[in-house]
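K.L.:
predicted model follows, preceded by the sequence.
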Amino acid sequence: MTMAAGLAVAAALLWVYLRTRSAPRSTRFAWIGLILVGCAVGCFVAAPWLEARPVVERLGWGILAAATGLAHACAFNLVPLPHNRTRLRMILVPLGMWAGGAGSFAILTQHQHPWMDLVALALALPVAAAWACVPFLARAPTHVQMGATPVPALRFCCPRCGTVVDWGRGVWPCTDCGLFLKIDVPADAHSASSKPDDPAGAVHLHCPACHAPRIATRGRSVCAQCQATLSLHWNMHR
Ligand SMILES: [Zn+2]
Ligand SMILES: [Zn+2]
């Protein structure tokens, strides 16, 4: 029973880590998380054959609690936030790690310190609230505000840091790393001459005309479904 529950949680964490690993901002955390999940799975699988089964299972749950906090940090490092709300990340990201650390401590010490359980619970509540907000964050807005003017928006991952950003058409900075992108729909006359370059610099987005998922390369690209043109320009300097 413990093994099945532990492996189910581990599978959910694995999904979060594998999804966030490719974004440069979360890669390091995701790798640490994958190692933690591996250790926890090892504990759950080995426990039935060991004499110290309860200790090993508790160790597995302790590691999973820390890994859960880290998965929260990885995910909320990348969720789309409006330009004026990105400071929320400074609270949201460490909050998960603190909650995970406190939970892990409470489990490993067998809840001998009731105050630690309270701390873990107090930290876990806002983490749970943050996840309850995910369905709202997951809905891409049709427009973003440029001062007082609404500008049609396009959502895709920043090609430099991997954060999910709602980009306005025209010139727009990444909410988190500040990389500037120039987005034209349909592609402007200038970009007609520039060849699509560097497939590594491609981004996944929904076509602004027909909303079909497509890949757009840096430079000019054409939607395979509706032939709408789009041009994306950015300078990559680290
Ligand atoms: Zn960025
Ligand atoms: Zn299209």
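P.N.:
Yes, it's here. Ligands and ions are numbered 1, 2, ... in the order given.
K.L.:
which SSE is immediately downstream of the lowest-mean-pLDDT helix or strand in the chain?
P.N.:
Sorting the helices and strands of the chain by mean pLDDT, DSSP states H and E puts helix 189-192 at the bottom, at a mean of 59. Moving toward the C-terminus from helix 189-192, the next helix or strand (DSSP states H and E) is strand 203-206.
K.L.:
that next one vs ligand 2: in contact?
P.N.:
No. Against ligand 2, strand 203-206 shows no contacts by Cβ under 5 Å from the ion, the least distance being 8.5 Å. (Glycine included, C-beta is placed from N, CA and C.)
K.L.:
name the helices or strands packed onto that strand?
P.N.:
Using 3 or more Cβ pairs under 8 Å, 6 or more residues apart in numbering; DSSP states H and E, the elements in contact with strand 203-206 are strand 149-157, strand 213-216.
K.L.:
how about these in CSV, adding distance to ligand 1?
P.N.:
Listed next are those as CSV, based on distance: least, Cβ to the ion, whole Å:
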stretch, distance to ligand 1
strand 149-157, 8
strand 213-216, 16
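K.L.:
turn these into TSV, columns for distance to Thr163 and mean pLDDT.
P.N.:
As requested, the helices and strands packed on strand 203-206 are arranged in TSV below (distance: least, Cβ to Cβ, whole Å; pLDDT from 0 to 100):
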stretch	distance to Thr163	mean pLDDT
strand 149-157	7	91
strand 213-216	17	91
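K.L.:
and Val203, which of these is closest to it?
P.N.:
Nearest to Val203 among the helices and strands packed on strand 203-206 is strand 149-157; the distance by Cβ to Cβ comes to 4.5 Å.
K.L.:
is the following helix or strand past the closest one up against ligand 1 anywhere?
P.N.:
Later in the chain than strand 149-157, the nearest helix or strand by DSSP H and E is strand 164-168. No. Counting by Cβ under 5 Å from the ion, ligand 1 is not contacted by strand 164-168; separation bottoms out at 6.6 Å.
K.L.:
pull up the pairing partners for strand 164-168, direction included.
P.N.:
Using DSSP bridges, the strands paired with strand 164-168 are strand 149-157 (antiparallel).
K.L.:
run the chain-centre distance for the strand it pairs with.
P.N.:
Averaging C-alpha coordinates over strand 149-157 and over its chain gives two centres that are 19 Å apart (Cα atoms, centre = their mean, to the nearest Å).
K.L.:
how about stretch 106-113?
P.N.:
So, by Cα atoms, centre = their mean, the centroid of stretch 106-113 is 30 Å from its chain's centroid.
K.L.:
convert the C-alpha atoms of that stretch to PDB, please.
P.N.:
This file holds the C-alpha atoms of stretch 106-113, laid out as PDB (Å, rounded to 0.1, in the frame of the first residue of the first chain):
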ATOM      1  CA  ALA A 106       8.400  16.500  10.400                       C
ATOM      2  CA  ILE A 107       8.200  13.100   8.700                       C
ATOM      3  CA  LEU A 108      11.800  12.000   9.400                       C
ATOM      4  CA  THR A 109      11.500  13.000  13.100                       C
ATOM      5  CA  GLN A 110       8.200  11.000  13.300                       C
ATOM      6  CA  HIS A 111       6.200  14.200  14.200                       C
ATOM      7  CA  GLN A 112       8.000  14.500  17.600                       C
ATOM      8  CA  HIS A 113       8.000  18.300  17.300                       C
END
